[in-house]
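Trainee: Here's a sequence, model it:
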Amino acid sequence: MKIRKALIALVAAAGLVFAGAGPALAGGSPHFIKNATTASLSGTSLVVQFKETGLASGSVETIVATAHLDALYQCVNGGGNVPSDPKKTKISSDVSTSGVFPADKNGNVSGSLTLSAPAASSVLSCPGGQTATLVSGTWSNASVTDTTSGAYLAIRGSWSF
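Mentor: Okay, here's the model as predicted:
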């Protein structure tokens, strides 16, 4: 009889441990899925697609995409040509954007964020008859961060346009 009571107490204690662990296990360990998190060019913009898992169902996550941009802006005349004495500006800066995404019932967040180069007119002022134009650029050192959960993933590669 004592063995039976001890066994019942042990099973009850184990049940309490697992019941208490349920909410903790539901959130898991937040992390981005490496092979489902990518970056690619769309014109001059960098599109970062991501998937994060290990979140609590229904949680609301703030995701930030960041990348470094080296770009060349030049004045272009009405004929689409660069004048013989071109006015140009090079920039080298980090660009970031963020969004808010809800986790699904399985604790996953999927989405995309688009990083855009600064508008040419905000970077370079051209003489009359010429237009400031983004001529070329390279995105590098891309990453995605969930500022809510703390998850982070660097995305390898560079993307030139």
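Trainee: Do a quick rundown of the strands in the chain.
Mentor: Taking DSSP state E as the criterion, the chain carries its strands at 31-32, 38-42, 45-53, 60-77, 88-102, 109-115, 130-146, 152-160.
Trainee: Please save the CA atoms from the fourth one in PDB.
Mentor: To tie it back to what came earlier, the one meant is strand 60-77. Extracted C-alpha coordinates of strand 60-77, given in PDB (Å, rounded to 0.1, in the frame of the first residue of the first chain):
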ATOM      1  CA  VAL A  60       3.500  40.100 -31.700                       C
ATOM      2  CA  GLU A  61       7.000  40.500 -33.000                       C
ATOM      3  CA  THR A  62       8.900  43.600 -34.300                       C
ATOM      4  CA  ILE A  63      11.300  42.500 -37.000                       C
ATOM      5  CA  VAL A  64      14.000  44.800 -38.300                       C
ATOM      6  CA  ALA A  65      16.000  44.200 -41.600                       C
ATOM      7  CA  THR A  66      19.300  46.000 -42.000                       C
ATOM      8  CA  ALA A  67      21.900  46.100 -44.700                       C
ATOM      9  CA  HIS A  68      24.800  48.300 -45.800                       C
ATOM     10  CA  LEU A  69      24.500  50.200 -49.000                       C
ATOM     11  CA  ASP A  70      27.400  51.600 -51.100                       C
ATOM     12  CA  ALA A  71      25.800  53.600 -54.000                       C
ATOM     13  CA  LEU A  72      26.700  56.100 -56.700                       C
ATOM     14  CA  TYR A  73      24.300  58.900 -57.700                       C
ATOM     15  CA  GLN A  74      25.000  61.000 -60.800                       C
ATOM     16  CA  CYS A  75      23.400  63.800 -62.700                       C
ATOM     17  CA  VAL A  76      22.000  62.600 -66.100                       C
ATOM     18  CA  ASN A  77      21.000  65.000 -68.900                       C
END
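Trainee: circling back: of the strands of the chain, which is nearest Ser121?
Mentor: strand 130-146 (5.2 Å; C-beta to C-beta). For glycine as for every other residue, the C-beta is placed from the backbone atoms N, C-alpha and C.
Trainee: how about low-confidence regions in this structure?
Mentor: 1-27 (pLDDT under 70).
Trainee: Ala67 and Thr114 touch, don't they?
Mentor: No - Ala67 is not in contact with Thr114 according to C-beta atoms under 8 Å; the separation is 10.8 Å.
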